[in-house]
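Peer 1: Predicted model follows, preceded by the sequence.
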Amino acid sequence: MRSEQPILVEVESLRKFFPVRRGTFGFTKKYVRAVDDVSFVIYRGETLGLVGESGSGKTTTGRLLLRGYEPTAGKVVYHLPDQEALDIMTLTKKQLWEFRKHAQMIFQDPYSSLNPRMTVRDIIAEPLIATKSARGEDVSRHVIETAKRCQLSVEHLRRYPHAFSGGQRQRIGIARALVLRPDFIVCDEPVSALDVSIQAQILNLLRDLQAEFGLTYLFIAHDLSVVEHICNRVGVMYLGNLVEMAATQELFYHPLHPYTEALMSSIPEANPKVKMRPIKLKGEIPSPIDPPSGCAFHPRCQYAQALCAEVKPEWRELSPNHFVSCHFAESLQLSGFAG
Ligand code: SF4
């Protein structure tokens, strides 16, 4: 994906702090800084991966992009085809329903994300009815078409979610997200709860649907092998901050941030003759309630210098479309994925 492609989503200085209630009367004293000043763009038709340890802020970022959470600060602007730029943080409730036709979400857990009391037909039809996108016979037509496209049969539509395997449930979740023919889908760890053989089927389905309907994905994951397989570009998050973003191959083989280097060193090696040398990070990921000063990664970084604890590194474009936030990115000679 190159920068001359049209931008679909533009994220500017996005922040989300969750209050932590403490004390007998629940006074708010502190905040979890789940997303702390994040800026990036998503190009139309691409799959942008977002990776990082649990608690890094990737799922919160995904939800903020659909205004599933109200942000503490920042903008998310959509450049939808044939429309004026749309800052979704300024939309009224009614306008937000209209916007939902363009952007949808696929959830991680195919077991808890489907209402067990609804038939598959009603689950897939729900977004059509809620956004008043179709009525009567049209609802059934759209549901059947979409279900078939997601490799579900008409017979499946009469059943309830408990009658399905994990992979089939995720197909139902995909059909629910696809039925409105959106431009953009946030895929929040869509295959991490599935067996490896089923994962490949779901990833292939997502790819086929992207080619057929011109979809753009934000793909949130922790499995880097999956990310390498499906994403055009990848962003790495650490403690609510983006620390690096680049084209997938560039990021895997020429990382510029020490945290990315550590992630790459821990990818299991397919060739048993190649010896893995995972970089062991010092200590645990710090609390997002009280993040370290300067570069948030400095207590765990093997390359840290005095400056790192004092000054937060800028988010800068070091080479075309390769962004990083590290004071010493130019001089560090980091190792990429060995595979
Ligand atoms: Fe490590 Fe310093 Fe770079 Fe942060 S700024 S990643 S602590 S070298």
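Peer 2: Cool, the structure landed.
Peer 1: what residues are up against the closest residue to the ligand within the stretch 151-300 of the chain?
Peer 2: Going by C-beta to the nearest ligand atom, the ligand is nearest to residue 295 of the stretch 151-300 of the chain, at 3.1 Å. For every residue, glycine as well, the C-beta is placed using N, CA and C. Counting by C-beta atoms under 8 Å, 6 or more residues apart in numbering, residue 295 touches 301, 304, 308-309, 311-313, 325-327.
Peer 1: By neighbour count, which of these wins?
Peer 2: Comparing the contacts of residue 295 by number of neighbours (other C-beta atoms under 10 Å), residue 326 comes first, having 26 neighbours.
Peer 1: How about the secondary structure of that residue?
Peer 2: Using DSSP: H, G, I helix; E, B strand; the rest coil, the structure places residue 326 in coil.
Peer 1: for the residue of the stretch 151-300 of the chain closest to the ligand, phi and psi?
Peer 2: Per-residue torsions, residue 295: phi -80, psi 120 (degrees, to the nearest 10).
Peer 1: I figured residue 210 was touching residue 174, is that so?
Peer 2: No. Assessed by C-beta atoms under 8 Å, residue 210 is found out of contact with residue 174, at 11.3 Å.
Peer 1: on that earlier part again, tell me the pLDDT at the residue of the stretch 151-300 of the chain closest to the ligand?
Peer 2: On pLDDT, residue 295 comes in at 97.
Peer 1: What distance do you get for it to residue 310?
Peer 2: 9 Å (C-beta to C-beta, to the nearest Å).
Peer 1: can you point me to the longest helix in this structure?
Peer 2: Secondary structure assigned by DSSP state H gives helix 196-213 as the longest helix of the chain.
Peer 1: what are the pairing partners of the next helix or strand after that one, and which direction each?
Peer 2: Next helix or strand after helix 196-213 toward the C-terminus (DSSP states H and E): strand 216-220. Using DSSP bridges, the strands paired with strand 216-220 are strand 47-51 (parallel), strand 184-188 (parallel).
Peer 1: now the ones you listed in CSV, with mean pLDDT and mean neighbour count?
Peer 2: Shown next, in CSV, are those (pLDDT from 0 to 100; neighbours: other C-beta atoms under 10 Å):
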stretch, mean pLDDT, mean neighbour count
strand 47-51, 97, 25
strand 184-188, 97, 24
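Peer 1: what about residue 210 and residue 174, which has more around it?
Peer 2: A direct count of neighbours by other C-beta under 10 Å for residue 210 and residue 174 places residue 174 higher, at 26 against 17.
Peer 1: who's in contact with that one?
Peer 2: 106, 150, 190, 202, 205-206, 209.
Peer 1: which of the residues you listed has the most neighbours?
Peer 2: Among the contacts of residue 174, residue 190 has the most neighbours (other C-beta under 10 Å), with 30 neighbours.
Peer 1: pretty sure that residue contacts residue 201?
Peer 2: No. Using C-beta under 8 Å, residue 190 makes no contact with residue 201, being 11.7 Å away.
Peer 1: For residue 20, which three-state class applies?
Peer 2: Residue 20 ends up strand, using three-state DSSP.
Peer 1: That one pairs with what?
Peer 2: Going by DSSP bridges, residue 20 forms beta bridges with residue 30.
Peer 1: I'd like to know how far it sits from residue 29.
Peer 2: Residue 20 sits 7 Å away from residue 29, taking C-beta to C-beta as the criterion.
Peer 1: Kindly report the same for residue 213.
Peer 2: In terms of C-beta to C-beta, residue 213 sits 47 Å off from residue 29.
Peer 1: One more: residue 250?
Peer 2: Residue 250 sits 42 Å away from residue 29, going by C-beta to C-beta.
Peer 1: Show me which of the two is the more surrounded one.
Peer 2: Taking neighbours as other C-beta under 10 Å, residue 250 and residue 29 compare with residue 250 leading, 19 against 10.
Peer 1: How about residues contacting whichever strand or helix holds the more buried one?
Peer 2: Using DSSP H and E, residue 250 falls within helix 248-253. Residues outside helix 248-253 that contact it (C-beta under 8 Å, 6+ apart): 49, 224, 227-228, 231-234, 236, 244-245, 260, 264, 322, 336-337.
Peer 1: go on, stretch 115-129?
Peer 2: Outside stretch 115-129, the residues that reach it (C-beta under 8 Å, 6+ apart) are 100, 104, 114, 133-134, 139-140, 142-143, 146-147, 152, 156-162, 164, 172, 175-177, 179-180.
Peer 1: thinking again about what came up before, would you mind giving the contacts of residue 295 as TSV with distance to the ligand and pLDDT added?
Peer 2: Shown next, in TSV, are those (distance: C-beta to the nearest ligand atom, whole Å; pLDDT from 0 to 100):
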residue	distance to the ligand	pLDDT
301	3	95
304	4	95
308	3	97
309	8	96
311	8	97
312	9	96
313	5	97
325	7	97
326	3	97
327	4	97
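Peer 1: now, the most widely separated pair of those?
Peer 2: Using C-beta to C-beta, the two most remote members of these are 309 and 325, lying 15.0 Å apart.
Peer 1: What count of nearby residues applies to the closest residue to the ligand within the stretch 1-150 of the chain?
Peer 2: Residue of the stretch 1-150 of the chain nearest the ligand, by C-beta to the nearest ligand atom: residue 52 (13.9 Å). Neighbour count of residue 52, defined by other C-beta under 10 Å: 26.
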